[in-house]
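Q: this is the structure alone, sequence omitted:
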């Protein structure tokens, strides 16, 4: 079976199983459709296992047995992380405060102390205006930290 046929078959089967997972078609119907696709296109494709459809891995591929420890510890779950900023004052600023908190969480800044030491360029991005920097400075001053530089 050439690669194009394998790709078409894999795409069709994945689409059918996704419809089954979403509840649009019944599992029995999905199995019949996939069997028909297999008979029509031919070739040996792996069978689905539960919600996972396994596809062959190239022989020279390196598959890590466990996730890297650094990746596990990189992000703290948001509810646990938020405890460090709960009473900081960012919540007083509604949407803008939430945008700031999200940027801090995305960049791994875990406390006000860490925020005070971190350069603005590490967590600021597109759509950041002077008001956001003013809010950060107000919150830092309110919590006893020196204000940061203004905008980039």
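A: Looks like it came in fine. Treat the numbers as computed from the prediction; the structure is a model and nothing was measured.
Q: where does this protein have its least confident helix or strand?
A: Of all helical and strand segments in the chain, the minimum by mean pLDDT, DSSP states H and E falls on helix 69-74, at a mean of 54.
Q: next structured bit after that one?
A: helix 78-82 (DSSP states H and E).
Q: that next one - contacts with which helices or strands?
A: Where contact means 3 or more C-beta pairs under 8 Å, 6 or more residues apart in numbering; DSSP states H and E, helix 78-82 is packed against helix 94-106. All C-beta atoms are positioned from the backbone trio N, CA, C, and that covers glycine.
Q: what sits up against the helix it packs on?
A: Helix 94-106 is contacted by residues 75, 78, 81-82, 85, 90-91, 93, 115, 123-125, 127-128, 131-132, 135-136 when judged by C-beta atoms under 8 Å, 6 or more residues apart in numbering.
Q: before we move on, what about stretch 130-150?
A: By C-beta under 8 Å, 6+ apart, stretch 130-150 touches 88-90, 93, 96-97, 99-100, 112-113, 115-116, 120, 124, 151.
Q: re earlier: of the contacts of helix 94-106, select the buried ones using a ChimeraX command.
A: Only the buried members of the contacts of helix 94-106 end up in this ChimeraX selection, burial being decided by 16 or more other C-beta atoms under 10 Å:
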select :81,85,90,93,115,123,124,128,132,135,136
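Q: closest to residue 17 among the contacts of stretch 130-150?
A: residue 99 (37.6 Å; C-beta to C-beta).
Q: look up how far residue 83 lies from the closest one.
A: 19 Å (C-beta to C-beta, to the nearest Å).
Q: neighbour-wise, which of these two wins?
A: residue 99 (17 against 9; other C-beta atoms under 10 Å).
Q: show the average pLDDT along stretch 106-120.
A: On average, the pLDDT along stretch 106-120 is 83.
Q: same question for stretch 78-89.
A: On average, stretch 78-89 scores 80.
Q: could you do stretch 134-145 as well?
A: 86.
Q: can you list the domain ranges for this protein.
A: 3-53, 69-142 (automatic domain parsing).
Q: flag every buried residue along the biggest helix by length in the chain.
A: Counting residues, the longest helix found in the chain (DSSP state H) is helix 3-22. By neighbour count on 16+ other C-beta under 10 Å, the buried set for helix 3-22 is 6, 9, 10, 12, 13, 16, 17, 20.
Q: swap in stretch 95-115?
A: 96, 97, 99, 100, 101, 103, 104, 105, 109, 110, 112, 115.
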